[in-house]
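Asker: Here is a sequence with its predicted model. Questions after.
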Amino acid sequence: MSNDKNSKKKQNPVKSMVLLAVMGLLVVALFFVISNRSKPTEDGPAPISAVQELLVNNLDTNYPATPKEVVKMYCEITRCFYAEKYTDEELYELAKMSRKLFDDELVNNQTEDNYIRSLKGEISNYRAMGRVISSYSLSSSADVEYYKYENFEWAQLVAMYSIRTGKNIEPSKERYLLRKDDKGHWKIYGWRLEDLNATGEE
């Protein structure tokens, strides 16, 4: 009987070491599983692109309220055309969105297919020259000119674009003319390139 007791005593440390090793492996395995499961949460969803941010806007139900907001949206669409990556479908949707900002007279000057074809050509030329519209800025709200002419309400304002070619950046100044339609929406009637030193006074 005493021999059996002694053998059991001698076996206990070995069993304890084996149990500790197994428990250690289980803890390591559990930590590994938990770490892997937490990775998607830590990474989060893929960031939304500037193009996708624009395309979530529904201009039929939430049209920009002021001339400045209309031109700001058009400038951002233009920047995306020449600076962002997008699919053919996204380009098509952006083109349709830009035309919704145009006055009916401007829209009627060119079919949608011709507009998109011309747009693609201009974008290709820009990229071939390594040119990118990197940023833009608008006149302050106080600098928007309002007036009436031939029973229509009109507005004018200036947008400044920064065009980057390699490491060189050059400014470009454009004056936008908008007309209010019968729904009270300001629509882009046209625009022209201006001298950088022009004051805007007619």
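Answerer: Thanks, I have the structure now.
Asker: In contact with the most centrally placed residue in the chain, which residues?
Answerer: What sits nearest the mean C-alpha location of the chain, by C-alpha atoms, centre = their mean, is Ala50, with 0.8 Å. Ala50 makes contact with 76, 79-80, 84, according to C-beta atoms under 8 Å, 6 or more residues apart in numbering. Where you see a C-beta, it was placed from the backbone N, CA and C, and this is true even at glycine.
Asker: Tell me the spacing between it and Tyr146.
Answerer: Note on Ala50: its distance to Tyr146, by C-beta to C-beta, to the nearest Å, is 30 Å.
Asker: And the helices in this structure?
Answerer: All helices of the chain, identified by DSSP state H, fall at 2-43, 50-55, 67-83, 88-100, 104-107, 112-128.
Asker: Lowest average confidence across the ones you listed, which one?
Answerer: Mean pLDDT is lowest for helix 2-43 out of those, coming in at a mean of 50.
Asker: can you pull the pLDDT of the nearest residue to Val51 once chain neighbours are set aside?
Answerer: Closest residue to Val51 apart from its sequence neighbours, by C-beta to C-beta, 6 or more residues apart in numbering: Tyr86 at 4.7 Å. If you check Tyr86, the pLDDT there is 94.
Asker: ok, so what distance separates Tyr86 from Val56?
Answerer: In this view, Tyr86 and Val56 are 14 Å apart by C-beta to C-beta.
Asker: what does Val107 give?
Answerer: In terms of C-beta to C-beta, Val107 sits 23 Å off from Val56.
Asker: Looking at the two, which has the bigger crowd around it?
Answerer: Val107 (16 against 7; other C-beta atoms under 10 Å).
Asker: which residues sit in contact with the more buried one?
Answerer: So Val107 contacts Arg99 (C-beta under 8 Å, 6+ apart).
Asker: oh, and call the first residue 9 from now on, that's how I've got it
Answerer: Fine by me, first position is 9 from now on; the one you just mentioned is Val115.
Asker: Go ahead and confirm Leu67 touches Phe110.
Answerer: No: with contact defined as C-beta atoms under 8 Å, Leu67 does not reach Phe110; the gap is 11.3 Å.
Asker: between the two, which one's more packed in?
Answerer: Legend: neighbour count by other C-beta under 10 Å for Leu67 and Phe110, higher for Phe110 (20 against 14).
Asker: The closest residue to the more buried one other than its chain neighbours: how many residues sit nearby?
Answerer: Once flanking residues are discounted, Phe110 sits nearest to Ile196: 5.2 Å by C-beta to C-beta, 6+ apart. If you count neighbours by other C-beta under 10 Å, Ile196 ends up with 21.
Asker: how close does the closest residue to Arg187 other than its chain neighbours sit to Asp111?
Answerer: Taking C-beta to C-beta, 6+ apart as the measure, Arg187 lies nearest to Tyr197, with 4.6 Å between them; neighbours along the chain are not counted. The gap separating Tyr197 from Asp111 is 4 Å, by C-beta to C-beta.
Asker: Overlap in contacts, those two.
Answerer: Shared contacts of Tyr197 and Asp111 (C-beta under 8 Å, 6+ apart): 186-187.
Asker: Report the separation between the residue lying closest to Ile131 once chain neighbours are set aside and Asp189.
Answerer: The shortest distance from Ile131 to any residue other than its chain neighbours is 5.8 Å, reached at Phe89 (C-beta to C-beta, 6+ apart). Separation of Phe89 from Asp189 (C-beta to C-beta) stands at 24 Å.
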